[in-house]
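>>> Task: produce atomic coordinates for the following.
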Amino acid sequence: MYKVALLVIITLLFAGCGSDDSSRSTTTTTASSNTALQMQIVSIGEEEVVLNWDYVKEATHYQLYWSDSKDKSYYESVYVEGITYTHQVDSDKIYNYYVIAMNEDEEISLPSEVLAVKVVGRQLNQPSDTI
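Alright, predicted model coming up:
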């Protein structure tokens, strides 16, 4: 048993030795052309969905698009200066979201994947998949 514990400790020590910090993932992203942002749901409440996405150093703002249209052919958009947005929602609808980093009027990232959130009555459900 002591040999196994010692082996685990040694493995953990060597796993950290000589590693390059640049290979570790961080919570911030610098967008370059052809880079898509990652977006996630931070929290859900009775009447709101809070979304968060990658920070992009060169971005002056972000354009968040959302739709509750069943055919997804029409999206509304909102100008967001930070990386978090709280959206007021209605029940019994499915909302689709995606975000693009902007520098003035120029898109500097590819759109994030579309997140779908289904609102059922007063209970909001986490998305079951990415569309």
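>>> Show me what the biggest strand by length in the chain is packed against.
Determined from DSSP state E, the single longest strand within the chain is strand 93-103. Using 3 or more CB pairs under 8 Å, 6 or more residues apart in numbering; DSSP states H and E as the contact test, the elements touching strand 93-103 are strand 39-44, strand 48-53, strand 61-67, strand 115-120. In short, each C-beta sits where N, CA and C put it, glycine included.
>>> try 7 Å this time
When contacts are defined as 3 or more CB pairs under 7 Å, 6 or more residues apart in numbering; DSSP states H and E, strand 93-103 packs onto strand 48-53, strand 61-67, strand 115-120.
>>> and the last one, which residues are buried?
Right, strand 115-120. The neighbour-count check on strand 115-120 (16 or more other CB atoms under 10 Å) flags Leu115, Val117, Val119 as buried.
>>> go on, the longest one?
Buried residues in strand 61-67, defined by neighbour count with 16+ other CB under 10 Å: Tyr62, Gln63, Leu64, Tyr65, Trp66, Ser67.
>>> which one is the first one nearest to, not counting chain neighbours?
Spatial nearest neighbour of Tyr62, chain neighbours left out: Val80 (4.7 Å); criterion: CB to CB, 6 or more residues apart in numbering.
>>> From Asp105, how far off is the residue lying closest to Lys93 once chain neighbours are set aside?
Distances taken as CB to CB, 6+ apart place Asp68 nearest to Lys93, at 4.7 Å, with adjacent residues excluded. Separation of Asp68 from Asp105 (CB to CB, to the nearest Å) stands at 27 Å.
>>> Over to Trp53?
For Trp53 relative to Asp105 (CB to CB), the value is 19 Å.
>>> Compare neighbour counts for those two and give me the winner.
Taking other CB atoms under 10 Å, Trp53 and Asp105 do not tie; Trp53 has more neighbours (26 against 6).
>>> just checking, the more buried one touches Met39?
Yes - assessed by CB atoms under 7 Å, Trp53 is found in contact with Met39 at 4.1 Å.
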